[in-house]
Structures are given as structure tokens and as C-alpha cells.
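Novice: could you look at this predicted model? Sequence included:
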Amino acid sequence: MSLEVRRLIREMSLANPLWGAPRIHGELLKLGIEIGQTSVAKYMARRRAPPSQGWRTFLRNHADGIAAMDLFVVPTISFRLLYGLVIMGHGRRQILWFGVTAHPTAEWIANQLTEACGWEQIPSYLIRDRDGAYGEIFIRRVRSIGIRDRPTSPRSPWQNAYAERLIGSIRRECIDHIVIFGERHLRHVLLSYMTYYNDARTHLSLNKDAPVPRAADTAGRIICQPILGGLHHQYTRI
């Protein structure tokens, strides 16, 4: 076999990681190159990873159709524990919904998902962990809406990394610096943070843009608007 053919086989296998020897062999036959399939397999580039789609590839390929959700705990001034539920879209890292309750039942979570996504603009996939709060009522609701439920593997928080990172940002940039008085107060704080996060806060993964695209202002006087009582500020031109 000529060196040129061997290089072509290697280039095809590197450029098309989902192709196996039969597919490359077929392409070579269509190019008028007569060669055996076993010879093609011999000169293909060896891959360390399996050719099938992994979890990270799945997240990257289907980002626009994926929503993620997770629960987090917030203590109040009276040491009462409240639960926050966050639902976010993977495509633009946008916060879709915040819910607050003292008792996160499966029915309550199912209703929060319905209010967040509605019955028209629904994601294709939903990523969540295997918390016991996601009971049978929630699973039936997800199926009835038409969302494909994708619970993460046990003890694998990295599979829901975007939601975990978002909860970390909520803590570091918001609730760790505010004394929460109750459910109503926490809901108000989280909704204020959601407005700031979606409309103003820039993200490295979005090329320094906000989840809701924010146009650059080049004319006018710069003004500073306090957010969350001055915890953050938004700068705009008028």
C-alpha cells in the first residue's frame, strides 16, 4: 500500500471520529482505491476515547435544547431552612425560574417546572440529580410535557455542572451577603438577582456578553445603578 493511501486513511479517521473501518473503506472504494477493509482498520488512527457520544459531548451538542434544575438550601435569620429551586437553560446560561419553599415535595417541583417551561416552549432534555424530592408525580409530569428526563449518575455532580456552578454564583454573589428573613424575602432577593444575572452580568463563556444579549453603548453619559441594595451595580449610558 502506498504512503499516500495510508495517510489518507489516517486523515479520514481523524477528521471523522464517528466513522469505523467499514465506512472509511466504502469511501475509499468510491474514490477508486481498491483496498481490503482489514487493511483500512490497520492504518486508522488509534483513539483513546470511545467513538460513541460521551456525556460532555451530549451537553455540548444539545445545549440549546437542554434545561437543568437543582435544589439548594438557604438558612434564615431564625435558623429556619428554606429550599430554593433553580431552573436554567444551557444555551445562553439563562436563569429560567426561581422557586422558594420550606417543603420541596414532588408535586411542588412539578408545578414549578410547568410554570417555568409552560406547555409550548419546552426543552428537549432536562438534567437533574437523583434527589429523593423528585418523586413519581414529578417524573409523570416531565413525561406528560414531552421532556426527556436525564437524571445524572449517582455521586456525579459534574454531570450537572452548569446548575452547580450557577448555585455557587448565587451563594458567592448574593445570599452569602444578605440576611434572609423568610420565604417572601428570599423570593424577592432571588428574583432581583435573576434580573441582574440575565440582563446585566457578563459571562466568560458568552464572550463577555450577558445571557440576554446586551448591546454596547458608545454614546451618552455613564450612570451607575445599584442592584441588590448596592451589592452589585450596572453601568449604562443615557
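Specialist: Okay, I see it.
Novice: so how far is Thr218 from the closest residue to Ser13 other than its chain neighbours?
Specialist: Counting by CB to CB, 6 or more residues apart in numbering, the nearest residue to Ser13 once its immediate chain neighbours are dropped is Met44, at 4.1 Å. Every C-beta, even on glycine, is put in place using the N, C-alpha and C of the backbone. Going from Met44 to Thr218 by CB to CB, to the nearest Å gives 53 Å.
Novice: ok, the two, which is more surrounded?
Specialist: Using other CB atoms under 10 Å as the criterion, Met44 and Thr218 rank with Met44 on top: 17 against 6.
Novice: which residues touch that one?
Specialist: When contacts are counted by CB atoms under 8 Å, 6 or more residues apart in numbering, Met44 touches Ile9, Arg10, Ser13, Ala21, Ile24.
Novice: most neighbours, which of the residues you listed?
Specialist: Going by other CB under 10 Å, Ile9 tops the contacts of Met44 with 25 neighbours.
Novice: now the strands: where do they sit in this protein?
Specialist: With strands called from DSSP state E, the chain shows them at 66-75, 81-89, 95-101, 125-128, 148-151, 222-227, 232-237.
Novice: pLDDT (mean, whole number) over the third one?
Specialist: Strand 95-101 comes out with an average pLDDT of 96.
Novice: residue numbering should commence at 803 henceforth.
Specialist: Sure thing, new numbering starts at 803, so read that last one as strand 897-903.
Novice: elements contacting it?
Specialist: Packing partners of strand 897-903 (3 or more CB pairs under 8 Å, 6 or more residues apart in numbering; DSSP states H and E): strand 883-891, helix 908-919, helix 985-1001.
Novice: quick one: mean pLDDT over the last one.
Specialist: Same thing as helix 985-1001. If you average the pLDDT values across helix 985-1001, you get 96.
Novice: what's the angle between that helix and strand 868-877?
Specialist: 140 degrees (axes from the mean of the first three to the mean of the last three CA atoms, to 10 degrees).
Novice: can you give the distance from helix 985-1001 to the centre of its chain?
Specialist: Helix 985-1001 sits 20 Å away from the centroid of its parent chain (CA atoms, centre = their mean, to the nearest Å).
Novice: break this structure down into its structural domains.
Specialist: The chain breaks down into these domains under automatic domain parsing: 805-854, 869-1008.
Novice: point out the most buried one among those.
Specialist: Across the domains of the chain, the average number of neighbours (mean count of other CB atoms under 10 Å) peaks for domain 869-1008, which reaches a mean of 16.
Novice: distance between the ends of it?
Specialist: Chord length of domain 869-1008, first to last residue, is 17 Å (CA to CA, to the nearest Å).
Novice: from the chain's centroid, how far away is it?
Specialist: Distance of domain 869-1008 from the chain centroid (CA atoms, centre = their mean) equals 12 Å.
Novice: which outside residues touch the helix or strand bottoming out on mean pLDDT in the chain?
Specialist: One helix or strand of the chain scores below all others by mean pLDDT, DSSP states H and E: helix 857-863, with a mean of 76. Residues from elsewhere that reach helix 857-863, judged by CB under 8 Å, 6+ apart: Gln855, Ile868, His892, Gln961, Tyr964.
Novice: my read: the last one touches Val888, true?
Specialist: If I follow you right, that is Tyr964. No - counting by CB atoms under 8 Å, Tyr964 does not reach Val888; the two are 10.5 Å apart.
Novice: Ser1007 versus the spatially most central residue of the chain, what's the distance?
Specialist: Nearest to the mean C-alpha position of the chain, by CA atoms, centre = their mean, lies His892 at 3.2 Å. In this view, His892 and Ser1007 are 11 Å apart by CB to CB.
Novice: next: Thr916.
Specialist: As judged by CB to CB, Thr916 and Ser1007 stand 29 Å apart.
Novice: perfect, that will be all.
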